[in-house]
Every structure is written in C-alpha cells, then in structure tokens.
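Peer 1: sequence? don't have it. structure:
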C-alpha cells in the first residue's frame with residue numbers, strides 16, 4: 001500500500017508539473033515586481049483607452065528560429081509603445097505563419113528603474129503573437145523578447 005501511494009503521488013506531481021510547463025501563461029508575473037498595479041497592465045490593446053492602432057514600433061529585431069516543424073522561420077520582434085498606456089510586444093513569422101507554436105513572446109518591464117522586473121508572456125500561435133500591456137511610463141523601461149526552444153532574442157530597453 002505504501003508503494004502504491006508513493007507511485008500515485010509521484011505520478012500526480014509529474015502530471016501537474018507537465019501541465020504547468022506546457023500551459024500558455026496569461027499575464028502572469030515571473031518576478032517580484034508589482035505587475036498589474038499600474039494603469040492598463042494586463043490589458044490587451046483594444047478599441048478602448050489603449051487602441052491597438054495607436055501603438056508604434058520603437059524597437060525591432062529580426063531573427064531566425066527553428067520552429068516545431070524543424071524548419072527555419074524568419075521572425076520579426078517589435079516592442080510597441082503608446083504614450084498613454086505603455087508597451088507591448090509583438091512577433092510574427094515573416095514567411096510562413098505556421099510552425100512556430102513552440103515560441104513564446106514576452107514583454108519585460110523594470111520596476112521604477114530598479115533591479116526588479118516583470119515578465120508578461122503569451123504563446124505564439126499561427127506565426128504571430130502579442131502580449132498584454134506593460135506600463136513602462138514614469139521611468140520604468142520595457143523590452144520585447146522571443147523564446148523558441150533554447151533560443152532567446154530580445155530588443156533593447158525603451
């Protein structure tokens with residue numbers, strides 16, 4: 001009975017860890033900084049006070065990643081900024097719009113210029129992805145990043 005309980009516990013822990021590792025994150029902070037405590041953080045650009053068309057690219061990086069389909073995909077990473085709301089990260093596969101489902105787009109935000117930061121992430125699907133807003137106003141900085149497998153590419157801070 002003791003061995004059976006241990007086996008069941010081990011299986012449950014492994015299943016929970018696997019589901020956590022493969023589930024896409026939705027505006028979850030990965031640090032101690034107070035993500036979500038500033039205006040518009042956690043919101044997607046929309047037609048409201050942070051209209052999607054008002055954001056413009058302030059940092060852009062081109063890279064090539066190996067997608068889940070085993071082929072190379074040219075990717076464009078943009079840190080988008082709107083002065084009334086902050087920043088968000090966008091990526092797109094500039095060639096095929098597929099095969100990059102093993103990628104995640106991030107926006108990092110510093111906390112009032114200090115050493116702490118937040119990391120908001122979204123899964124890249126159908127060759128594109130965008131994050132929710134990170135408020136990099138009032139001295140805070142933001143940068144965009146793309147992670148695909150063991151490859152990580154970032155824009156500069158803005």
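Peer 2: Done, it's in. Everything quoted here is computed from the prediction, not taken from an experiment. Numbers count the residues shown, from 1 in each chain.
Peer 1: so where's the chain uncertain?
Peer 2: Along the chain, the parts satisfying pLDDT under 70 run over 1-34, 96-98, 112-118.
Peer 1: where do the strands of it begin and end?
Peer 2: With strands called from DSSP state E, the chain shows them at 56-66, 72-82, 86-93, 103-110, 117-123, 128-130, 142-148, 151-154.
Peer 1: and these: which comes nearest residue 39?
Peer 2: Minimum separation from residue 39 across the strands of the chain (CB to CB) falls at strand 86-93, 8.1 Å. For every residue, glycine as well, the C-beta is placed using N, CA and C.
Peer 1: got the angle for the closest one vs strand 103-110?
Peer 2: 160 degrees (axes from the mean of the first three to the mean of the last three CA atoms, to 10 degrees).
Peer 1: run the chain-centre distance for strand 86-93.
Peer 2: 8 Å (CA atoms, centre = their mean, to the nearest Å).
Peer 1: helices or strands up against that strand?
Peer 2: Applying 3 or more CB pairs under 8 Å, 6 or more residues apart in numbering; DSSP states H and E, one finds that strand 86-93 contacts strand 72-82, strand 103-110, strand 128-130, strand 142-148.
Peer 1: redo those strands as TSV? Include mean neighbour count.
Peer 2: Formatted as TSV, these follow (neighbours: other CB atoms under 10 Å):
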stretch	mean neighbour count
strand 72-82	21
strand 103-110	24
strand 128-130	20
strand 142-148	24
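Peer 1: including distance to residue 119, could those go into CSV?
Peer 2: As requested, these are exported to CSV (distance: least, CB to CB, whole Å):
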stretch, distance to residue 119
strand 72-82, 14
strand 103-110, 5
strand 128-130, 14
strand 142-148, 8
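Peer 1: of all those strands, which one is nearest residue 48?
Peer 2: That would be strand 72-82 among the helices and strands packed on strand 86-93, by CB to CB, at 11.9 Å.
Peer 1: in its sheet, which strands sit next to that closest one, and in what direction?
Peer 2: Strand 72-82 has the following sheet partners, assigned by DSSP bridges: strand 56-66 (antiparallel), strand 86-93 (antiparallel).
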